[in-house]
Every structure is written in structure tokens, then in C-alpha cells.
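A.B. asks: sequence? don't have it. structure:
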């Protein structure tokens with residue numbers, strides 16, 4: 001078929017003649033359908049717009065799984081650029097314990113916004129339930145059965161004083177398969193990626209651990225924090241703390257930051273997500289404690305592991321291994337210790353929080369919304 005200006009004119013003229021000859025009712029019907037289509041597109045756009053929440057919450061595809069690595073990397077980078085610089089220039093060294101100012105993590109942060117610092121009770125219950133209702137209005141109640149049950153029963157569960165081997169301190173999602181330790185197959189892709197990245201992570205740890213102390217005379221390099229321990233020292237260098245990127249620290253570890261962006265199941269959008277280098281000095285013990293939730297698996301990649309180091313979760317002991325990952329549910333009662341001599345050096349792991357494999361995509365999206373940092 002040959003294309004020409006004359007042929008185009010004939011088609012346009014024929015179309016206009018057809019419209020003139022068409023009955024008024026048909027034209028009216030076509031206009032109504034067009035208006036309905038425009039209204040439908042507007043409604044869909046409003047319902048699926050991204051809510052403006054601190055932490056860069058981005059809903060996942062309804063029927064899909066995790067976001068692609070490129071999207072997560074972009075999201076992490078944008079949040080890194082806009083996050084507040086919550087750095088500690090160092091804390092004073094000394095005896096086996098730490099002063100109140102040195103206490104690290106949301107168990108001791110004294111922040112009114114911190115979920116773990118909030119006392120369990122009706123106030124937290126109402127906040128969680130209102131957040132769930134708001135999420136359902138914006139998106140859907142579909143797939144929210146377990147989340148709704150967990151929020152509904154939260155107060156009764158947290159206020160229970162009976163001793164238990166598993167007792168998350170903030171949120172319990174019911175009907176999740178639970179065990180102190182999980183096979184590496186539970187999150188095979190991310191475990192293998194972390195283990196392949198072992199040399200890069202170890203090199204960046206050594207670079208930040210050897211940074212000179214600040215001018216204040218602190219015994220810790222910039223960016224490091226001290227945690228409370230009954231004996232010895234436990235230090236952490238966070239890249240992400242409770243879902244919030246630590247900008248200065250992340251800039252010092254660009255390769256580690258890229259690895260985080262490539263993980264498929266890293267909890268990057270809510271307060272249960274952390275990533276850090278964790279150092280335990282010889283002779284140190286971490287007191288027995290529970291984690292905040294059972295919706296995550298904590299992953300430890302061994303970077304430096306002397307002998308006489310052990311992790312005990314739910315009464316089951318395990319040893320780290322350099323270049324290998326341990327997956328465990330930290331909502332179980334757990335502790336760690338380093339009984340080696342000073343000549344052995346510290347125990348060092350890279351710690352990152354991954355989604356429990358049995359938390360569905362719709363549930364992850366809702367939990368990201370409910371537990372957005374600062375909500």
C-alpha cells in the first residue's frame with residue numbers, strides 16, 4: 001500500500017463524513033465511555049500513589065515478590081542522600097561496661113519514636129491498629145489476616161509475663177514457622193551473595209576499624225558505638241539502623257552499601273531492618289535478650305572468628321565461620337560470647353536483617369507501611 005498526502009486527506013474526510021452521518025445517540029454513548037475511562041484512570045492513579053512517608057516507603061507489586069535489586073539500590077541511595085546524619089564521633093573507653101551516653105541500639109536509645117523503647121500497652125496497640133487501618137484504606141485488606149491477628153492480639157501477647165523461649169518485644173506475626181536457626185537455603189540468593197562478597201566486606205571493615213580516633217581523645221574511631229555488656233566490649237558500626245541509612249558510615253563503605261542494594265530480602269524500609277559490622281572483644285559476653293520481632297531472620301557473615309566464640313539461640317549453640325553465614329531467628333532468647341585471650345583478637349561479623357521466608361509479599365508491604373521509621 002502506497003502512502004501519500006492525498007490518501008491521508010481522503011481518510012480524514014471519510015472519517016468526518018462518518019461522524020456526521022452517525023446518529024446522535026451513538027456519539028453520546030462514545031463520549032460517556034470516554035469520560036468513564038478518564039475517571040477510572042484518575043481513581044486508579046489516586047489509589048496507587050506512593051504515600052509520602054519518612055524512610056522512602058515504596059509499595060511492592062501486588063502479585064510479585066521482592067523489588068528488583070536496581071530499584072532497591074536506587075531507593076537506598078535516595079534515602080541515604082536525604083537521611084539525617086546520625087553519627088556518633090566516638091565514646092570514651094574504660095571498664096567492661098558503658099556509660100548511659102554510650103548505650104547503642106533501640107533497646108537503650110531513649111527515643112520516644114523508637115518502637116522497642118515504647119512500653120507495651122494500649123498506646124502502641126492503638127498506633128499499630130490505626131496504621132493497619134490506614135494502610136487497608138489506601139491499598140487493600142487482602143492477605144492481611146495474619147497481620148490483623150497479630151496487631152489485634154499484640155497487647156495480650158506482650159503483657160504476658162510467662163517465661164518463654166521465644167518472645168519478640170515489639171511485634172509477633174502468628175502462624176510463622178519458627179526455629180532458633182534456619183538453613184542457608186531459606187535465603188539462598190542473599191546468603192550466597194554475602195559469602196561471595198566476603199573479601200570486599202572484610203577489607204572495608206578493616207579500613208573503618210583502623211580510622212584514627214577523633215580529636216576528642218575517644219578510644220573508638222568515628223562512627224562506632226559501644227553497647228552495654230556485663231563484661232568486655234561490644235561495638236557496632238551501622239550502615240542502616242532501624243531502617244534509617246547512616247549517611248557518613250555508608251559513604252565510608254561503598255562496596256558494602258552496593259551489596260546491601262543487591263540483596264533481595266534485606267529489610268530496608270521499616271524499623272526492623274539493620275545492617276552493621278559487629279565487634280566482640282576477647283572476654284566479652286552479650287546478655288541474653290529477645291529481638292523485637294519474628295518477621296525477620298538475622299544473618300551473620302563471619303569476618304574474623306577466633307576460637308572460643310559461640311552464639312546460643314533458644315538454647316542451641318553454634319559457632320561462626322569466616323566467610324560463611326549463620327541465619328537465626330533473634331526473637332528467640334539468645335546470647336553470644338568470646339572467651340578467647342587478648343592475643344586472639346576480636347570476633348567480627350557483618351550483621352544484616354532479612355525477611356523471614358514465610359512472610360508473604362503483601363504482608364511485607366503492610367509491615368513496611370506500619371513500621372516505617374518515624375511513623
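C.D. replies: Looks like it arrived, so ask away. No experiment lies behind these values; they were computed from the predicted model shown. Numbering: from 1, shown residues only.
A.B. asks: any weak-confidence spans in the stretch 51-200 of the chain?
C.D. replies: 51-123, 155-163 (pLDDT under 70).
A.B. asks: mind redoing it with 80?
C.D. replies: By pLDDT under 80, the weakly predicted segments of the stretch 51-200 of the chain are 51-125, 154-163.
A.B. asks: which residues of the chain fall in helices?
C.D. replies: 5-21, 24-47, 69-82, 122-138, 145-152, 154-158, 188-196, 198-209, 247-252, 254-262, 361-370 (DSSP state H).
A.B. asks: buried stuff in the fourth one?
C.D. replies: Looking back up the chat, that one is helix 122-138. 124, 125, 128, 129, 131, 132, 135, 136 (16 or more other CB atoms under 10 Å). C-beta here means a position set from N, CA and C on the backbone, and glycine is covered the same way.
A.B. asks: which other helices and strands does it contact?
C.D. replies: Contacts defined by 3 or more CB pairs under 8 Å, 6 or more residues apart in numbering; DSSP states H and E place helix 122-138 against helix 145-152, helix 154-158, helix 361-370.
A.B. asks: what mean pLDDT does the last one have?
C.D. replies: Mean pLDDT, computed over helix 361-370, is 95.
A.B. asks: what angle separates it from helix 122-138?
C.D. replies: 120 degrees (axes from the mean of the first three to the mean of the last three CA atoms, to 10 degrees).
A.B. asks: what of the first one?
C.D. replies: Orientation check (the same axes, to 10 degrees): helix 145-152 against helix 122-138 gives 150 degrees.
A.B. asks: what does helix 145-152 contact?
C.D. replies: For helix 145-152, contacts defined as CB atoms under 8 Å, 6 or more residues apart in numbering pick out 125, 128-129, 132, 141, 171-176, 363, 366-367, 370.
A.B. asks: of all the helices and strands packed on helix 122-138, which one is nearest residue 35?
C.D. replies: helix 361-370 (32.4 Å; CB to CB).
A.B. asks: name the helices or strands packed onto the closest one?
C.D. replies: Right, helix 361-370 is packed against helix 122-138, helix 145-152 by 3+ CB pairs under 8 Å, 6+ apart.
A.B. asks: out of those helices, the one nearest residue 198 is which?
C.D. replies: Taking those one by one with CB to CB, helix 145-152 is closest: 35.4 Å.
A.B. asks: for that closest one, buried residues please.
C.D. replies: 146, 147, 150, 151.
A.B. asks: quick one: those residues as a markdown table, columns for distance to residue 346 too.
C.D. replies: Below are the buried residues of helix 145-152 laid out as a markdown table (distance: CB to CB, whole Å):
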| residue | distance to residue 346 |
| --- | --- |
| 146 | 40 |
| 147 | 39 |
| 150 | 38 |
| 151 | 40 |
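A.B. asks: that'll do, ta.
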